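1. Quick one, what's the 3D model for this:
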Amino acid sequence: MSNKIVSIIIVAAGTKDYLKSCLDSIRGQDYPDKEIIVIDNSLSRNFGQEFRQSYPEIKLYPSQENLSYCQALNKGIEACKGDFILCLNDDVVLSRDYIEKTLKAFDIDEKIGMASGKILRSDGKTIDSAGLSLNIWRTATEKGYGATDIGQFEKPGFIFGVTGAVALYRRQMLEEIKIDGEYFDRDFRFFYEDLDIAWRAENRGWKGYYIPGTVAYHVRGGTARKDKGINKKYARRYLNQELLFDLTKNRYLVIIKNETLLNFLLHLPFILLYDTFSWGYILFFKPGLIKRFAEKQIPVASAFRKRRLLKNG
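-> I've put the predicted structure just below:
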């Protein structure tokens, strides 16, 4: 793997001072063959100039508009040249051997299209993710989420997918599963984009793999939540209305695009039970979101069209 280029794509909102620590950890990686692409979504000229001077090795792409996370990642992937692509939140710090060790997963099986090490919270002892799974509610579950790391996830093995905060992909897989020229579905904007990628890939025969021997550190919600919600469970409590709208709608979009009819019927009781609690929470604590759903057009037709393209592709 030493001759394979890894393209690292970071979407930087510029709202908090995370990017410097992230770039420092990338600069210190043992793996030499890498390019660093920063999608500057801050809309601030000063933000980009500062990092150009301090980190001349990065390729900085300023945005003229406030791109969604999916749009920004697509922009980075289109611009990069790597055989493998590491999509990072700017609130992530990598251990020195993260890239080198996680890349070894791809040597295990040519159909492994995504890989992850152990992701801990910034406290270094709480698990953020030991891989992504698809649960009976047809939502994503981060394995070990919020548990204290006592060595319970030290066994490597196959996983359904990888968390979007630290997602290492084989480019060949991304090229194979893209739709309408998009790797990440821009209809999603934020949230569930990692589950969508994993589910699309799984339906095409690709696999994920977990390598516990290396670690990354993630400030859960660092760029998407208010300060009081950082590293807390139950993300919906700390999201603004626009992000909660994305979180709610995208679960339906990901099911429409990727679920088989048989599995949908088998899981329908669990889906309805989840919806009962989800919409009950919205009704009592976020009633303004109901008006937003009534006013905004949900891209359901687009999701069904993409489902047909995926099935026929």
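
2. For the stretch 51-200 of the chain, give me the ranges with low pLDDT.
-> Within the stretch 51-200 of the chain, no stretch has pLDDT under 70.

3. Give me the phi and psi angles of E242.
-> phi -70, psi -40 (degrees, to the nearest 10).

4. How many neighbouring residues does it have?
-> 13 (other CB atoms under 10 Å). Where you see a C-beta, it was placed from the backbone N, CA and C, and this is true even at glycine.

5. any idea how far E57 is from it?
-> For E242, the distance to E57 (CB to CB, to the nearest Å) stands at 34 Å.

6. can you map out the helices along the stretch 101-250 of the chain?
-> Listed in chain order, the helices of the stretch 101-250 of the chain (DSSP state H, counting those that start in this stretch) span 171-177, 193-203, 241-258.

7. Relative to A165, which of these is closest?
-> Of all the helices of the stretch 101-250 of the chain, helix 193-203 sits nearest to A165, with 8.3 Å by CB to CB.

8. Could you name the helices and strands sitting against the closest one?
-> Packed against helix 193-203 by the contact rule (3 or more CB pairs under 8 Å, 6 or more residues apart in numbering; DSSP states H and E) you find helix 69-79, strand 112-121, strand 132-134, strand 166-170, helix 171-177, strand 207-218, helix 241-258.

9. With distance to G28 added, can I get these in CSV?
-> Below are those laid out as CSV (distance: least, CB to CB, whole Å):
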stretch, distance to G28
helix 69-79, 21
strand 112-121, 16
strand 132-134, 27
strand 166-170, 16
helix 171-177, 24
strand 207-218, 13
helix 241-258, 32
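
10. With respect to D30, which of the ones you listed lies nearest?
-> From those, taking CB to CB, the stretch that ends up closest is strand 207-218, at 10.3 Å.

11. List the beta-bridge partners for the closest residue to G124 other than its chain neighbours.
-> Leaving out its chain neighbours, the residue that sits closest to G124 by CB to CB, 6 or more residues apart in numbering is Y217, at 6.7 Å. Counting by DSSP bridges, Y217 is bridged to V93, L120.

12. Return the list of strands paired to the helix or strand hosting V11, each annotated with direction.
-> Assigned by DSSP states H and E, V11 belongs to strand 6-12. Take DSSP bridges as the rule and strand 6-12 pairs in its sheet with strand 34-40 (parallel), strand 84-89 (parallel).

13. List the contacts of the first one.
-> Outside of strand 34-40, the residues that reach it under the criterion CB atoms under 8 Å, 6 or more residues apart in numbering are 5-12, 14, 19, 23, 26, 47-48, 51, 55, 57-63, 67, 72-73, 75-76, 79-82, 99.

14. what's the following helix or strand after it?
-> In N-to-C order, the element after strand 34-40 by DSSP H and E is helix 45-54.

15. List the buried residues for that following helix?
-> 47-48, 51 (16 or more other CB atoms under 10 Å).

16. Please convert the residues you listed to JSON lines, extending it with distance to D185.
-> As requested, the buried residues of helix 45-54 are exported to JSON lines (distance: CB to CB, whole Å):
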{"residue": "F47", "distance to D185": "27"}
{"residue": "G48", "distance to D185": "27"}
{"residue": "F51", "distance to D185": "29"}
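
17. Out of the residues you listed, the closest to I298 would be?
-> For those, the nearest to I298 is F47 (33.2 Å; CB to CB).

18. The closest one and Y274: what is the separation?
-> F47 is 39 Å from Y274, by CB to CB.

19. Which residues are in contact with I9?
-> 37, 39, 73, 76-77, 80, 85-88.

20. repeat that with 10 Å
-> 35-39, 59, 61, 72-77, 79-80, 82, 85-88, 167 (CB atoms under 10 Å, 6 or more residues apart in numbering).

21. From H267, how far out is it?
-> Distance from I9 to H267, by CB to CB: 33 Å.

22. And the residue nearest to G124, how far from K249?
-> Distance from Y217 to K249, by CB to CB: 30 Å.

23. Repeat that for A140.
-> Noted for A140: a distance of 15 Å to K249, by CB to CB.

24. ok, now R220?
-> 22 Å.

25. burial measure for D30, as a count.
-> D30, neighbours per other CB under 10 Å, totals 11.

26. how about it, secondary structure?
-> coil (DSSP: H, G, I helix; E, B strand; the rest coil).

27. Contact partners for it?
-> 95-101.

28. Return a ChimeraX selection command for the buried portion of those residues.
-> If you want just the buried ones from these in ChimeraX, going by 16+ other CB under 10 Å, the selection is:
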select :95,98,99,100,101
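
29. So which of the contacts of D30 are in helices?
-> 98-101 (DSSP state H).

30. quick one: buried residues of stretch 24-42?
-> 25-26, 29, 31, 34-42.
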